[in-house]
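Asker: Quick one, fold the following:
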Amino acid sequence: MTSSWPPEAVSAIAGQPLPAAPLIDPATVRSILPGFDLWDLWLVQDSVGRVATIAGGSLVMLLSAPRLDDPDARHAIARIRLMHRGSAGWSDLGNLLPDGLAPGSREWAGSAIVNAALDRVTLYFTAAGRRGETTTSFEQRLFETSATLSIVDGRPSLHNWSTPVESVAADGVIYTRDMAGGGAIGTIKAFRDPAWFRDPADGREYLLFTASLAGSTSPWNGAIGIARREQGKWLLDVPLISADGVNNELERPHIVYHRRHYYCFWSTQQKVFAQDGPTGPNGLYGMVAERIDGPWRPINGSGLVLANPPAAPIQAYSWLVLDDLSVLSFVDRPGLPAEAADVAVTRRHFAGTPATPIQLRLDHAKAMLA
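Answerer: Numbers count the residues shown, from 1 in each chain. The predicted structure follows:
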């Protein structure tokens, strides 16, 4: 059954102390790749969900775009970047996929798994638009591809990529195929952000993804979709979590298994909550269950796990919880008290680089900053 993230839970946010992340001082933020904006990062993990140690560090994938006058324009030209983080810091390994391999006009977020031999990596990613399209579309499809992992002189390399295969497609019955929405940021619909997960209870494989419900009567019809692998094929299932009538985008959903509990996390923004209902801040949200098929209940009673501080409500975004409960994100617009209409102001404040990780503690249905 699909579990609901109900308006009553969101309403509870206003009555609780805000679990605010530490304030980011804009003066301390440094780009790890000058000339580029970077966002929506994920790390290569092993088959049980741990961060894989590769060449003495971790392989990191990030969305990237050359630094543009309008930071919001980056979504229309995004490529996945591969970087390595080791004891000596960050090393840039260039665009992850060869030119022309991805079937979309740009590459959006996903996840990646390395095999036990540490010699092959499988990437699950979002192909946005269609290759060669003359007008940028909002179409989103889920694809997977794999590559050979080699390490030469301590430098990792991914090469000999397989032809991308569509993992699973929106069916138009459970999940909408029309991604346009209103066309503005925060209104488009979703079939993106595939996150691979293996259930430790029985070893079955799943893909979570950001979705929009077909047949909804609400403009705010966000959901966390799920597919399960059966005999080598992904099969769509009903959503894990529905925010129908509450929120338009439950972005980058992923599951962390911790102390016999399943924690499903996602990111969302204040501006994509229903206009006539309760809202929450830009933050990391989640629900908890004893089984992957639920029932899921909101963490902390409301679903809010951590938020940007009130003085800097848009300082960071796109949180990712790792197996050790450290939380990654990217620095968005620190120092701005609200979104700016002036593109030049946004450009001056947009950092577009990974944020310093923060640490969570989880205790059954409660989450707190360590």
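Asker: Could I get the full set of strands for the stretch 201-350 of the chain?
Answerer: 205-212, 222-230, 233-242, 251-258, 261-268, 283-289, 297-298, 304-307, 316-321, 326-331 (DSSP state E, counting those that start in this stretch).
Asker: Report all helices and strands that the shortest one contacts.
Answerer: Pointing back at strand 297-298 there. Contacts defined by 3 or more Cβ pairs under 8 Å, 6 or more residues apart in numbering; DSSP states H and E place strand 297-298 against strand 283-289. Where C-beta positions appear, they are placed from N, C-alpha and C, glycine not excepted.
Asker: Could you check how far the strand it packs on is from the centre of its chain?
Answerer: 13 Å (Cα atoms, centre = their mean, to the nearest Å).
Asker: swap in stretch 327-346?
Answerer: Counting by Cα atoms, centre = their mean, stretch 327-346 comes out at 18 Å from the chain centroid.
Asker: what's in contact with that stretch?
Answerer: Contact partners of stretch 327-346, identified using Cβ atoms under 8 Å, 6 or more residues apart in numbering, comprise 24-26, 29, 38-41, 43, 62, 69-72, 271, 284, 306, 311-322, 349-355, 357-360.
Asker: tell me the contacts of the most centrally placed residue in the chain?
Answerer: Nearest residue to the geometric centre of the chain (Cα atoms, centre = their mean): residue 252, 2.6 Å. The neighbours of residue 252, taking Cβ under 8 Å, 6+ apart as the test, are 40, 109, 193, 195, 210, 266-267, 318-320.
Asker: Which one (most neighbours) among those residues?
Answerer: Among these, residue 193 has the most neighbours (other Cβ atoms under 10 Å), with 32 neighbours.
Asker: My read is that it contacts residue 211, right?
Answerer: No. Counting by Cβ atoms under 8 Å, residue 193 does not reach residue 211; the two are 9.2 Å apart.
Asker: and residue 308, what does it touch?
Answerer: Contacts of residue 308 by Cβ under 8 Å, 6+ apart are 20-21, 281-283, 314-316.
Asker: ok, which pair from the residues you listed is furthest apart?
Answerer: For these, the maximum inter-member distance is 13.2 Å, found between 20 and 314 (Cβ to Cβ).
Asker: Look at these two and report which has more neighbours.
Answerer: Between residue 20 and residue 314, counting by other Cβ under 10 Å, residue 314 is the more crowded of the two (23 against 17).
Asker: measure that one to residue 333 for me?
Answerer: 5 Å (Cβ to Cβ, to the nearest Å).
Asker: Repeat that for residue 33.
Answerer: Distance check for residue 33 against residue 333: by Cβ to Cβ, it reads 18 Å.
Asker: Mind checking which of these two has more residues around it?
Answerer: residue 333 (27 against 17).
Asker: Contact partners for the closest residue to residue 44 other than its chain neighbours?
Answerer: Once flanking residues are discounted, residue 44 sits nearest to residue 59: 4.1 Å by Cβ to Cβ, 6 or more residues apart in numbering. When contacts are counted by Cβ under 8 Å, 6+ apart, residue 59 touches 43-44, 52, 82-84, 112, 114, 121, 156.
Asker: Go through the protein and flag its longest helix.
Answerer: Determined from DSSP state H, the single longest helix within the chain is helix 343-349.
Asker: next helix or strand past that one?
Answerer: Per DSSP states H and E, helix 343-349 leads on to strand 353-354 as the next helix or strand towards the C-terminus.
Asker: Now do the SS call for residue 97.
Answerer: On the three-state scheme (DSSP: H, G, I helix; E, B strand; the rest coil), residue 97 is labelled coil.
Asker: And it, its phi and psi?
Answerer: As for residue 97, its main-chain torsions (degrees, to the nearest 10) stand at phi -100, psi 140.
Asker: coming back round to it: could you say which helix or strand holds the residue nearest to the residue nearest to the centre of the chain when sequence neighbours are not counted?
Answerer: Nearest non-adjacent residue to residue 252, counting by Cβ to Cβ, 6+ apart: residue 193, 4.7 Å away. Applying DSSP H and E as the criterion places residue 193 in strand 191-198.
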